[in-house]
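Colleague: give me the fold of what follows.
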Amino acid sequence: MEDTKIQWHAAFVSAMNLELAQNRSDLIYHKEYNLNTKPLEVDLLVIKKESDIQITNEIGKLFRGHNIVEYKSPQDHLNIDTFYKAGAYASLYKAYGKTVDVYSAADITVTMIREARPSGMFGYFKEHNIMCTNPYKGIYYVKKSVLFPTQIIVTKELSTEGHVWLKALSSQMKKEQMRNLLEKIEAMNQKQDRELADSILQVSISANKQVVEELRGDETMCQALLEIMEPEINKIKADVREEVTKEVTREATMKGIKSIVAVLRDCGQGDMEIIKAIVKEYGVSSDEAADYL
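Modeller: Have a look, this model is predicted:
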């Protein structure tokens, strides 16, 4: 149940952005893209600004002009029905173009991403003679029974060096992985990259609390973690200061109103006159002013 509270999909979009960072200027991202006016959406739509651009990262090698990406968090299932549903989403995307055949079928791809290998789905492929190739570690191309070029990405099998961000979306990270993630984020100096990485880190920390606790004993890593989380810590401090200021202001206002009530009472003023004075002086409503009488 705890897994549902972790914002896996938001972090996934950040991870994809960082995975494909070398081609960022060539791509347009649409997260939770609506396929129609009805609530039917895909996790991520990645559009190439120029269809002939070659994506540097392995996961983008299959990409064409319009790329449907479906992500499953560690506890979500990726089965044969999910496989066909992703293909259906791609078909709907093509069918809902503003004009007939505005999106060429040859220009659409489907990508499905999950941490663990979907053994049931691969078993179905084998049983039904649906051929898959494995051009890169953790990346499988489906060669039959698809309308659009389709790949399945198993993040657990991806190389650690080249796919830090997608591999960080796991609840089974090792200490060394978390240490490498922290070091990589700490070395970042671009604001956009740092913000994207921080969203991934927050999910990774939430899903790997035991590993984080173990790292807290590492003075170097503890300092790195504090530096990375500094913006969030500062925000919490600012919120606390704001609440304290509000509370002090509230107490001062109450004391001021009570003093006015006492003075006006001593001068023989009635309730209506006192309420009008409080409203005028403090800008509260008549009902709020009446509570002080």
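Colleague: contact partners for the nearest residue to Ser199 once chain neighbours are set aside?
Modeller: Excluding the flanking residues, the one nearest Ser199 by C-beta to C-beta, 6 or more residues apart in numbering is Ser14, at 4.5 Å. C-betas here are computed from N, CA, C, even on glycine. For Ser14, the contact set (C-beta atoms under 8 Å, 6 or more residues apart in numbering) comprises Trp165, Leu196, Ala197, Ser199, Ile200.
Colleague: can you tell me the SS state at the last one?
Modeller: Ile200 falls in the helix class when you classify it by DSSP: H, G, I helix; E, B strand; the rest coil.
Colleague: and the nearest residue to it once chain neighbours are set aside, how many residues sit next to it?
Modeller: Excluding its sequence neighbours, the residue lying closest to Ile200 (C-beta to C-beta, 6+ apart) is Ala11, at 4.8 Å. By the measure other C-beta atoms under 10 Å, the count of residues near Ala11 is 27.
Colleague: shaky segments in the stretch 51-200 of the chain?
Modeller: Applying pLDDT under 70 to the stretch 51-200 of the chain flags no residue at all.
Colleague: re earlier: give the next helix or strand downstream of the helix or strand where the residue nearest to Ser199 lies.
Modeller: Following DSSP states H and E, one finds Ser14 within helix 8-19. As assigned by DSSP H and E, the chain's next helix or strand after helix 8-19 is strand 27-34.
Colleague: which parts of the stretch 101-250 of the chain are strands?
Modeller: 108-114, 132-136, 139-142, 150-154 (DSSP state E, counting those that start in this stretch).
Colleague: now the residue positioned nearest the centre of the chain. Nearest residue, chain neighbours left out?
Modeller: By C-alpha atoms, centre = their mean, the chain has its centre lying nearest to Ala10, at 1.5 Å. Leaving aside its chain neighbours, Ala10 sits nearest to Ser199 (6.2 Å; criterion: C-beta to C-beta, 6+ apart).
Colleague: how is this structure divided into domains?
Modeller: Under the assignment automatic domain parsing, the domains of the chain span 2-172, 178-228, 233-290.
Colleague: list the contacts of Thr150.
Modeller: Thr150 neighbours (C-beta under 8 Å, 6+ apart): Ala86, Gly87, Thr109, Val110, Thr111, Met112, Tyr141, Val142.
Colleague: now those residues: which count as buried?
Modeller: Ala86, Gly87, Thr109, Val110, Thr111, Met112, Tyr141, Val142 (16 or more other C-beta atoms under 10 Å).
Colleague: mind putting those residues in TSV, distance to Ala95 included?
Modeller: Output for these, formatted as TSV (distance: C-beta to C-beta, whole Å):
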residue	distance to Ala95
Ala86	15
Gly87	13
Thr109	16
Val110	15
Thr111	19
Met112	20
Tyr141	24
Val142	21
